[in-house]
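Enquirer: need coordinates for the below:
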Amino acid sequence: MNFNPKQSNFMTIGIIGQPNVGKSSVFNLLTGLQQEIGNWPGKTVDRHEGILNISGQRYRMVDVPGAYSLTPRSDEEQIVLDFIKNDKPNLILVIGHAQHIDRSLFFLSEAMLFNCPLVFVPNMIDMLPGTGVTLDIDQLAKQLTIPVVGFSAKTKQGIAELKAIIQNPPPAVSCVDNILFKNSFGQSIANLLINAGAGGEVDCYQAARVITAPKLNNTPAQQSLDDQSNLLAMISSRYETIKKISAAVSHKRNKAELSYTDKVDQYVTHEGWGLLIVVLVFALLFSCTYLAAIPVQGVLDEYIITWLRDNIDKHLFAEQPVIRGLLSEGIVLGAGTVLAFVPVLAVFYFLINMLEDSGYLARVAVIMDRYLQLLGLPGKSALPLFLGLGCNVPAVIGSRVVESKKSRLATILLTPFVPCSARFTVLVFLAPVFFGYYAPLMTLLVIAVNALVFIVMARLLTKSLSKAKASLILELPNYHWPQFRLVLLTTYQQVCLFIKSVATWILGFSILLWFLSTYPGSGLNDSYLASVGRLLEPIAAPLGFDWRLLVALFSGIIARENVVTALGIIYGDETPTGLSEILRNNISSDVGFIFLLLSMLFVPCLSTVFVVRKETRAWGYAFLSIILNSVVAITVGVIARLLISYL
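Expert: Sure thing, here's the model as predicted:
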């Protein structure tokens with residue numbers, strides 16, 4: 001999308017609403033692929049902007065985060081408030097939930113406090129027949145005296161009407177004149193505005209804040225409230241008005257009959273069956289992600305990466321080995337690392353978006369909350385942590401489903417302690433080498449130690465990041481078939497954002513590591529990387545390691561599978577049979593056990609580090625992840641060696 005929204009003269013259309021009302025679906029349907037994803041200033045929350053083109057006229061669309069209220073208690077709510085105040089949109093689309101019109105009207109009443117042109121858009125209108133709810137759109141528009149558009153992102157109902165209103169925006173709404181404020185609450189706002197005088201010291205929003213939180217202000221205008229004998233009753237009048245309007249326009253048939261969602265939830269959210277279903281769904285998601293992605297990875301590796309490297313080695317720069325090595329081992333191999341993650345992320349994003357759009361993902365959070373609360377984590381952390389067993393990269397990115405900033409940070413920092421499939425590969429290959437027939441038992445012991453470390457770190461991190469135990473308050477959306485087009489669009493955007501944000505860093509570091517492992521000698525044994533290993537050898541003495549094992553661990557920074565490859569290069573035999581015999585003769589089982597522990601717990605791979613940086617938007621947390629895993633791994637290794645020495 002070739003435009004700079006901040007420098008454009010397009011009309012600005014804001015899209016606001018509470019969570020789970022389908023706000024982003026409306027945004028995606030209106031803008032299509034003409035979108036930009038950035039971040040809000042000073043925040044880690046994504047900023048979505050796009051272009052709507054209507055008959056050659058372009059409009060700047062801004063999709064703000066979902067917020068339950070415009071009284072800011074979270075980053076998301078502060079962002080919505082700042083957007084309305086600072087960007088001063090030409091029109092605001094207030095997206096509501098057609099089935100829960102009362103909650104949506106409360107949010108609409110807050111939006112009316114800013115004297116902006118508004119359109120109320122009850123979304124998911126197509127789902128009403130299955131819920132037994134009816135909604136009279138015409139009567140609602142008549143009562144609110146603002147445009148009301150019944151909308152369905154699935155069937156595209158209302159899109160033509162909405163575009164017509166965008167082309168000819170309605171006038172700004174005055175809160176004191178609207179039916180939502182024909183009560184004592186609205187009268188109090190009007191009184192405050194009069195008492196504030198013509199100087200404009202207090203606007204509608206500030207007046208409402210004074211009423212709802214009088215202790216926050218001590219202005220002359222506030223003194224008019226001192227004679228109010230029942231402040232609570234005055235505020236409650238606001239809700240009574242909303243209930244009356246809702247009852248007049250929305251009706252529910254067969255109240256005694258359970259809806260489809262309620263019937264499904266009897267099993268899905270059941271205390272026993274619910275957990276079993278979560279495990280089965282996670283297992284299916286996990287299996288589908290890697291069963292679908294691994295063959296594609298193999299094709300990419302064999303027919304693109306390997307083919308490119310072979311042709312570079314055979315046909316290009318025969319007399320310039322430095323350039324040939326840079327292209328083959330640095331650039332192409334680094335690009336291959338990025339390319340290898342694309343199929344995994346694409347399938348992962350697609351399945352997660354399908355689950356989220358269907359309404360099931362919120363149920364996972366509710367079911368897992370009671371178990372993860374024991375570790376201080378919210379229920380939604382279950383999904384990314386489970387996916388970490390396959391790959392830590394999509395797991396860190398998957399932490400976006402966790403709303404709480406502190407809980408999400410704890411989930412991100414915990415993810416590298418989850419053993420990924422690459423670490424399991426190293427464990428499964430080396431355990432028989434070091435332990436022979438006892439390999440299965442020792443493998444389980446290594447995994448058990450890893451699990452114990454994860455539990456301890458979860459308690460420590462959650463305790464240090466959040467002093468209070470957070471309760472889960474979550475609205476469960478209705479079940480519905482995912483919108484395939486919007487799921488694909490969202491998946492495409494997420495994969496592109498990953499490539500754009502992470503690929504450059506991975507490629508650059510791959511080139512750096514190639515240089516360190518190649519120069520100044522003729523191979524890895526004579527390289528700068530080997531020199532670093534020899535320099536750090538005294539530090540690793542308590543672990544029983546020599547420089548060769550250190551270099552093998554460092555080589556796993558690009559990808560954990562490189563540990564085995566590096567051992568083959570260092571010990572002089574890269575064939576599996578020959579390497580096994582050499583390692584068995586050179587490394588004791590005690591040192592081998594400690595080496596496997598560190599392979600599971602040591603510094604996360606390069607891709608994970610950069611994804612941590614991308615998701616937290618701070619290098620400090622990426623370095624903290626490196627330091628945390630390094631310190632924990634070495635500490636566990638030293639403790640294990642001490643225990644072994646006493647046995």
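Enquirer: list the buried ones in stretch 144-154?
Expert: For stretch 144-154, a neighbour-count test (16 or more other C-beta atoms under 10 Å) marks Leu144, Ile146, Pro147, Val148, Val149, Gly150, Phe151, Ser152, Ala153, Lys154 as buried. Quick note: C-beta positions are derived from backbone N, CA and C, even for glycine.
Enquirer: what does stretch 527-536 give?
Expert: Across stretch 527-536, burial judged by 16+ other C-beta under 10 Å covers Ser527, Leu529, Ala530, Gly533.
Enquirer: quick one: contacts of that stretch?
Expert: Identification of contacts with stretch 527-536 by C-beta atoms under 8 Å, 6 or more residues apart in numbering yields 513, 515-521, 524, 547-548, 550-551, 554-555.
Enquirer: any stretches of the stretch 451-600 of the chain with poor pLDDT?
Expert: 466-475, 497-498, 500-507, 509-510, 513, 522-524, 561, 565, 568-570, 572-579 (pLDDT under 70).
Enquirer: tell me which of the buried residues of stretch 527-536 is nearest to Arg60?
Expert: Arg60 has its nearest neighbour among these in Leu529, at 49.6 Å by C-beta to C-beta.
Enquirer: that closest one sits in which helix or strand?
Expert: helix 528-536 (DSSP states H and E).
Enquirer: and whatever helix or strand comes next after that helix, what does it pack onto?
Expert: Next helix or strand after helix 528-536 toward the C-terminus (DSSP H and E): helix 547-555. For helix 547-555, the elements it packs on are helix 528-536, helix 562-571, helix 589-601, judged by 3 or more C-beta pairs under 8 Å, 6 or more residues apart in numbering; DSSP states H and E.
Enquirer: among those, which is nearest Ser358?
Expert: Closest to Ser358 of those is helix 589-601 (C-beta to C-beta; 34.7 Å).
Enquirer: kindly export the closest one (C-alpha atoms) in CSV.
Expert: Output of helix 589-601 as CSV, limited to C-alpha atoms (Å, rounded to 0.1, in the frame of the first residue of the first chain):
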residue,chain,number,x,y,z
SER,A,589,27.8,-40.7,30.2
ASP,A,590,27.9,-38.2,33.1
VAL,A,591,29.1,-35.3,30.9
GLY,A,592,26.7,-36.5,28.2
PHE,A,593,23.8,-36.2,30.5
ILE,A,594,24.7,-32.7,31.5
PHE,A,595,25.3,-31.8,27.8
LEU,A,596,21.8,-33.0,27.0
LEU,A,597,20.3,-30.9,29.9
LEU,A,598,22.0,-27.8,28.5
SER,A,599,20.9,-28.6,25.0
MET,A,600,17.3,-28.5,26.2
LEU,A,601,17.6,-25.4,28.3
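Enquirer: Glu110: what's its closest spatial neighbour, skipping adjacent residues?
Expert: Distances taken as C-beta to C-beta, 6 or more residues apart in numbering put Leu70 closest to Glu110, at 4.2 Å, once the chain neighbours are dropped.
Enquirer: so the helix holding Leu529 versus helix 547-555, what angle?
Expert: When axes from the mean of the first three to the mean of the last three C-alpha atoms, to 10 degrees is applied, the directions of helix 528-536 and helix 547-555 differ by 120 degrees.
Enquirer: neighbours of Leu291, how many?
Expert: Here the number of neighbours of Leu291 (other C-beta atoms under 10 Å) works out to 10.
Enquirer: measure it to Arg641 for me?
Expert: Applying C-beta to C-beta, to the nearest Å, the value for Leu291 to Arg641 is 39 Å.
Enquirer: buried stuff in stretch 157-175?
Expert: By 16+ other C-beta under 10 Å, the buried positions in stretch 157-175 come out as Gln157, Gly158, Ile159, Glu161, Leu162, Ile165, Ile166, Pro169, Val173, Cys175.
Enquirer: which residues touch the fourth one?
Expert: For Glu161, the contacting residues are Val149, taking C-beta under 8 Å, 6+ apart as the criterion.
Enquirer: quick one: average pLDDT of the helix or strand hosting it?
Expert: Following DSSP H and E, the helix or strand that holds Glu161 is helix 159-167. Helix 159-167 shows an average pLDDT of 92 in the prediction.
Enquirer: quick one: distance of that helix to the chain centre.
Expert: The chain centroid and the centroid of helix 159-167 are separated by 32 Å under C-alpha atoms, centre = their mean, to the nearest Å.
Enquirer: need the CA coordinates for it. PDB is fine.
Expert: Below are the C-alpha coordinates for helix 159-167, written out as PDB (Å, rounded to 0.1, in the frame of the first residue of the first chain):
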ATOM      1  CA  ILE A 159     -21.900  -3.000   3.300                       C
ATOM      2  CA  ALA A 160     -23.500  -0.900   0.500                       C
ATOM      3  CA  GLU A 161     -25.500   1.100   3.100                       C
ATOM      4  CA  LEU A 162     -22.400   1.600   5.200                       C
ATOM      5  CA  LYS A 163     -20.300   2.900   2.200                       C
ATOM      6  CA  ALA A 164     -23.100   5.300   1.300                       C
ATOM      7  CA  ILE A 165     -23.000   6.800   4.800                       C
ATOM      8  CA  ILE A 166     -19.200   7.000   4.700                       C
ATOM      9  CA  GLN A 167     -19.600   9.100   1.500                       C
END
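Enquirer: continuing past that helix, what's the next helix or strand?
Expert: Using DSSP H and E, the next helix or strand after helix 159-167 towards the C-terminus is helix 184-196.
Enquirer: now that next one: mean pLDDT?
Expert: Average pLDDT, helix 184-196: 74.
Enquirer: helices or strands up against that helix?
Expert: helix 204-212, helix 231-249.
Enquirer: out of the ones you listed, nearest to Gln494?
Expert: helix 204-212 (34.7 Å).
Enquirer: now the closest one: mean pLDDT?
Expert: Taken as a whole, helix 204-212 has a mean pLDDT of 71.
Enquirer: where does the residue positioned nearest the centre of the chain land on pLDDT?
Expert: Geometric centre of the chain, nearest residue: Arg400, 1.5 Å, by C-alpha atoms, centre = their mean. At Arg400, the model reports a pLDDT of 77.
Enquirer: Ser8 now?
Expert: 54.
Enquirer: look up how far Lys406 lies from the residue nearest to the centre of the chain.
Expert: From Arg400 to Lys406 the distance is 15 Å (C-beta to C-beta).
Enquirer: for stretch 53-68, which residues meet the burial criterion?
Expert: Tyr59, Arg60, Met61, Val62, Asp63, Val64, Pro65, Gly66, Ala67, Tyr68.
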